[in-house]
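Student: From the sequence below, what's the structure:
(2 chains)
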Amino acid sequence: GQQVMQIPQYQHVQEGEDFTTYCNSSTTLSNIQWYKQRPGGHPVFLIQLVKSGEVKKQKRLTFQFGEAKKNSSLHITATQTTDVGTYFCAGRGSSYKLIFGSGTRLLVRP
Amino acid sequence: GAVVSQHPSWVICKSGTSVKIECRSLDFQATTMFWYRQFPKQSLMLMATSNEGSKATYEQGVEKDKFLINHASLTLSTLTVTSAHPEDSSFYICSAPRRLAGDNEQFFGPGTRLTVL
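Tutor: Numbering: from 1, shown residues only, chains lettered A, B, ... in the order given. The predicted model follows:
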């Protein structure tokens, strides 16, 4: 079945440093979504990417969807302590279901 | 944005009892809702898709007789964990999709933390 892998598992950065998490799917995706989950909270939708090679920005966050629509990345420029949390990618293949990646836990040292 | 509520937010029960968790879409209708389970520091694992007016669709390995799902209306889905055991202790989260600004977002409930003693 469809699998979505995400790396790294966790990353600890100094405030102001950049951060990137990568997502790879075993199958071609119709779209990919990114979510953020704060400790003790529930996932919150960040963005959806649909087109091959698509790049979207939200302030310090840059999201990319690969040309083959099998991989994606989230890059945070100049991290802040408010960026702390676990970032999940979630891919949708041919079915309606979202398959979540394993998540990358981001810790930011002030 | 859309709001999904979940009740209860946490529950502690004895082994062998049944626990019902409610998921409501507060300001939109949801013909489909999803139930996930999340163990500590792990990802969300899709358990089943709840369909209004028809049977739920369960993922491979999820016992449908143990995790009963009822989608009673366009705004309510319930998950009942029957004869709960300690290994069922987990964070259960529901979600409902809604198309906003062209994106088919999943709106998640706040989750229910189940502890089975």
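Student: What's the mean pLDDT across stretch B:17-25?
Tutor: In this model, stretch B:17-25 has a mean pLDDT of 96.
Student: How about it, which residues are buried there?
Tutor: Neighbour counts over stretch B:17-25 (16 or more other CB atoms under 10 Å in any protein chain shown) mark B:19, B:21-25 as buried. Using the backbone N, CA and C atoms, a C-beta is placed for each residue, glycine as well.
Student: In these, find the pair that's most separated.
Tutor: B:Val19 and B:Ser25 (21.1 Å; CB to CB).
Student: and A:Thr62, what helix or strand is that in?
Tutor: strand A:61-65 (DSSP states H and E).
Student: Who are the packing partners of that strand?
Tutor: strand A:44-49, strand A:55-58, strand A:71-76 (3 or more CB pairs under 8 Å, 6 or more residues apart in numbering or on different chains; DSSP states H and E).
Student: My read is that A:Leu49 contacts A:Gly66, right?
Tutor: No: A:Leu49 is not in contact with A:Gly66 according to CB atoms under 8 Å; the separation is 9.4 Å.
Student: Now for the two: what residues contact both?
Tutor: A:Ser72 (CB atoms under 8 Å, 6 or more residues apart in numbering or on different chains).
Student: Those two - which one has more neighbours?
Tutor: A:Leu49 (23 against 20; other CB atoms under 10 Å in any protein chain shown).
Student: which ones are touching A:Asn24?
Tutor: Counted by CB under 8 Å, 6+ apart, A:Asn24 has contacts A:4-6, A:70-71.
Student: Can you show me the helices along chain A?
Tutor: For chain A, no helices are identified by DSSP state H.
Student: any idea which residue sits dead centre in it?
Tutor: A:Cys89 (4.2 Å; CA atoms, centre = their mean).
Student: Who does that one form a beta bridge with?
Tutor: Taking DSSP bridges as the rule, A:Cys89 bridges to A:Trp34.
Student: number of nearby residues for the residue nearest to B:Ser54 when sequence neighbours are not counted?
Tutor: Spatial nearest neighbour of B:Ser54, excluding adjacent residues (CB to CB, 6 or more residues apart in numbering or on different chains): B:His71 at 7.8 Å. Neighbour count of B:His71, defined by other CB under 10 Å: 22.
Student: What's the separation between B:His71 and B:Cys23?
Tutor: 9 Å (CB to CB, to the nearest Å).
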